[in-house]
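In: Have a look at this prediction, sequence included:
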Amino acid sequence: MTRFVCVQCGTQFAETSAQPPACPICEDERQYVRWSGQEWTTCEELRARHRNVFTEEGGPIGIGIDPDFAIGQRALAIPSGDGVILWDCVPLVTGEAVERIRSMGGLKAIAISHPHFYSAHAEWSEAFGGVPVYLHEDDRLWVMNPHRAIRFWSGEALEIASGFTLIRTGGHFEGSTVLHHAAGADGRGDLFVGDSLSVLQDRRHVSFMRSYPNAIPLNRPAVERIGAAVAPYPFERIFGTSAQRHISQDGKAAVARSIERYLTAIRD
Ligand SMILES: [Zn+2]
Ligand SMILES: [Zn+2]
């Protein structure tokens, strides 16, 4: 039995004897099937050809994969004072990554923004003795490997560790989530986002799309709902989904001007 991994999106599937017939994540309108056709690999094959790479991100440590794999997912190991919170996930976990996180006090929990980052959450949890993996209940149908470590949560917010709060924004996916860290940025607050607010190349704005690769925008109510979801929380920095792709100051104002710009662009 094998846990196959989709080469295009990096999602690991539950154990099967044969390759899955298709990847629902890639066949969804938000993604795309590999131009050369559906392909599969395994975590063992990945470990033979790739390694985890680490980047210093101003407190949190970024964890990526080299050479690049899938959609270039990057996770963030965030020190909590009582072990690490892993925000988002990547399709590969190596002994080097395990050692790195152990040196930071060990892994306490994994929380993932949305299905494009579910990747190898089961491998990551198992590598640390089965730590909980927090996924929003509303995206349950996109879980391809329903592992025992998953804690489905529902509603609009959940504190998973002291000062670490998951906030459901919806938008990109119904259960799309961001993570707020109240003590981040010397108490001014950090916001860790996925694709419901996506940090843009200018690192001064975010955007809001149902699909980034297929350019499907969100409508006004969805964007206003995202703004309302994060409004009660103070934050200085916003951490995007790849290395150094952050808004480093006045994140709150960046979100406000991004919403205004976006709504102006889609106005009748
Ligand atoms: Zn896929
Ligand atoms: Zn996404």
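Out: Here it is on my side, so go on. Numbers count the residues shown, from 1 in each chain. Ligands and ions are numbered 1, 2, ... in the order given.
In: List the residues that contact the residue in the stretch 1-150 of the chain that ligand 2 sits nearest to.
Out: At 3.5 Å from ligand 2, residue 116 is the closest residue in the stretch 1-150 of the chain, using Cβ to the ion. Just so you know, the C-beta spots here come from the backbone N, C-alpha and C atoms, and that holds for glycine as well. If you count contacts by Cβ atoms under 8 Å, 6 or more residues apart in numbering, residue 116 has them with 9, 25, 30-31, 71, 73, 194-195.
In: how close does it sit to residue 203?
Out: Separation of residue 116 from residue 203 (Cβ to Cβ, to the nearest Å): 21 Å.
In: Counting neighbours, what do you get for residue 155?
Out: By the criterion of other Cβ atoms under 10 Å, residue 155 has 10 neighbours.
In: Find the nearest non-adjacent residue to it, please.
Out: With Cβ to Cβ, 6 or more residues apart in numbering as the criterion, residue 155 has its nearest non-adjacent residue at 7.2 Å, and that residue is residue 168.
In: Can you give me the distance of the one you found to ligand 1?
Out: 24 Å (Cβ to the ion, to the nearest Å).
In: beta partners of that residue?
Out: Beta bridges link residue 168 to residue 177, judged by DSSP bridges.
In: Just the pLDDT at it, thanks.
Out: Listed pLDDT for residue 168 reads 98.
In: who's in contact with residue 100?
Out: 52, 54, 61, 63, 77.
In: Please list only the buried members of these.
Out: Neighbour counting with 16 or more other Cβ atoms under 10 Å marks 52, 61, 63, 77 as buried within the contacts of residue 100.
In: what's across from residue 216 in the sheet?
Out: Counting by DSSP bridges, residue 216 is bridged to residue 211.
In: Nice, that's everything, thank you.
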